[in-house]
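Chemist: attaching a predicted model along with its sequence, questions to come.
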Amino acid sequence: MRLRLKVTRNLAVAQFKLHRYEVALNSFEAIMAAEPSARVGLSIILCRCILGDGPQQLKNAFTDVVQVELEVTHSYTFSITTQQQQ
């Protein structure tokens, strides 16, 4: 399934580069339904902007992107150290 989604995403990117935005949008939406990701969601927003879709459709696409859980692979720890002046 994952390989199929990768191939579909690559085809969608190719369609986008060929200025076939509606075909690319349909592919990106199918990928988003199967396996949501921020990258695919942003591609949907870009396609919708280029196609001149209305504000409600853009709002829905943006909402979908915001609801995607981010995959954080690294755990970052920050600490603040202060040095005393002598």
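Modeler: Cool, got the structure.
Chemist: burial count for the residue nearest to R2 when sequence neighbours are not counted?
Modeler: Closest residue to R2 apart from its sequence neighbours, by CB to CB, 6 or more residues apart in numbering: E35 at 7.8 Å. In short, each C-beta sits where N, CA and C put it, glycine included. For E35, the count of nearby residues is 14 (other CB atoms under 10 Å).
Chemist: now E35. Its backbone dihedrals?
Modeler: Phi and psi for E35, reported as degrees, to the nearest 10, are phi -150, psi 90.
Chemist: who are the contact partners of I31?
Modeler: Counting by CB atoms under 8 Å, 6 or more residues apart in numbering, I31 makes contact with 5, 8-9, 12, 37, 40.
Chemist: and what of A24?
Modeler: Taking CB under 8 Å, 6+ apart as the criterion, A24 is in contact with 12-13, 15-16, 43, 47.
Chemist: just the residues you listed: which are in helices?
Modeler: 12-13, 15-16, 43, 47 (DSSP state H).
Chemist: just put those in JSON lines and tack on pLDDT, distance to P55 and neighbour count.
Modeler: Shown next, in JSON lines, are the ones in helices among the contacts of A24 (pLDDT from 0 to 100; distance: CB to CB, whole Å; neighbours: other CB atoms under 10 Å):
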{"residue": "A12", "pLDDT": "96", "distance to P55": "24", "neighbour count": "24"}
{"residue": "V13", "pLDDT": "96", "distance to P55": "26", "neighbour count": "14"}
{"residue": "Q15", "pLDDT": "97", "distance to P55": "25", "neighbour count": "19"}
{"residue": "F16", "pLDDT": "96", "distance to P55": "22", "neighbour count": "19"}
{"residue": "S43", "pLDDT": "95", "distance to P55": "19", "neighbour count": "24"}
{"residue": "C47", "pLDDT": "96", "distance to P55": "15", "neighbour count": "24"}
